[in-house]
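[1] This is a predicted model, with the sequence first.
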Amino acid sequence: MSLLHPFVNAVAALQFENCFNPYVDRCEVHDQEDAPYLRATSLSAMVESAACEPVDAIWVGRDLGYRGGRRTGLALTDDVHIDRHAKRWDLSAKRPTVGTAVAERTAAVVWNILDLIDARIFLWNVFPLHPHELDEPFSNRQHNARERRAGEEVLQNLIALLRPERIIAIGNEAAASASHVVDAVPVICVRHPSYGGQTRFLHQIAELYEIAPRTRSLL
């Protein structure tokens, strides 16, 4: 993977217990043979494209989920939306997984509103890997303090690379980490769409981007 962007190489080098690194690890159940390579090269191409000009915002979530970023290697993006994610950066991306495309509710809500926004928005997470419970690879857990520190360092490097005008943190935990690593860039916290927060999230993003929100039920 020597042709990858140095930022992606740094993320691929991260290793923690009970964590799946989608850029080097392969899921024997759901992944194509070259899935780690596909995920790493897609992310690398997006970073290259995003770094060409300053972005409007980095939208920051918490960590990759087993139905979304673990499979795609893209924050806040599931199998269903991987194509649309790539097209936002004038790229194409091959799905790294096999079988029926899996949907994730948070990704569906995020892309429901992203499709209405014409701005350079980069999606990321405080912790860029998929943390899971011991011996339960298809589960989600919150990243721990050690993982958060590593993720915050990566986020700080991403902000320096992409020079966003603002950080939009999805949820209080993401906002706390983003505020910890930035000085000059404003951090705007919006409600996480899970656990009943969908409507509030959509309205907050719609207000920030001065668009009419979609409020139909998802999934």
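    Perfect, I can see it now. Residues are numbered from 1 along each chain as shown.
[2] all helices for this protein, in order.
    Under the criterion DSSP state H, helices of the chain are mapped to 6-12, 35-50, 69-72, 82-87, 105-114, 145-162, 172-181, 198-209.
[3] Mean pLDDT for the ones you listed - can I get that in CSV?
    Written out in CSV, the entries for the helices of the chain read as follows (pLDDT from 0 to 100):
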stretch, mean pLDDT
helix 6-12, 98
helix 35-50, 98
helix 69-72, 98
helix 82-87, 98
helix 105-114, 96
helix 145-162, 98
helix 172-181, 97
helix 198-209, 96
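[4] okay, those helices, which one's buried deepest?
    Each of the helices of the chain was assessed for mean neighbour count using mean count of other CB atoms under 10 Å. The highest is helix 69-72, with a mean of 29. In short, each C-beta sits where N, CA and C put it, glycine included.
[5] any residues touching it, and which ones?
    Contact partners of helix 69-72, identified using CB atoms under 8 Å, 6 or more residues apart in numbering, comprise 20, 22, 27, 30-31, 39, 63-64, 75-79, 82, 85, 95-97, 102, 125, 130.
[6] returning to that earlier point: with respect to Ile121, which of the helices of the chain lies nearest?
    The minimum distance between Ile121 and these falls on helix 105-114, with 6.8 Å, by CB to CB.
[7] So which elements touch the closest one?
    In this structure, helix 105-114 makes packing contacts with helix 82-87, helix 198-209, judged by 3 or more CB pairs under 8 Å, 6 or more residues apart in numbering; DSSP states H and E.
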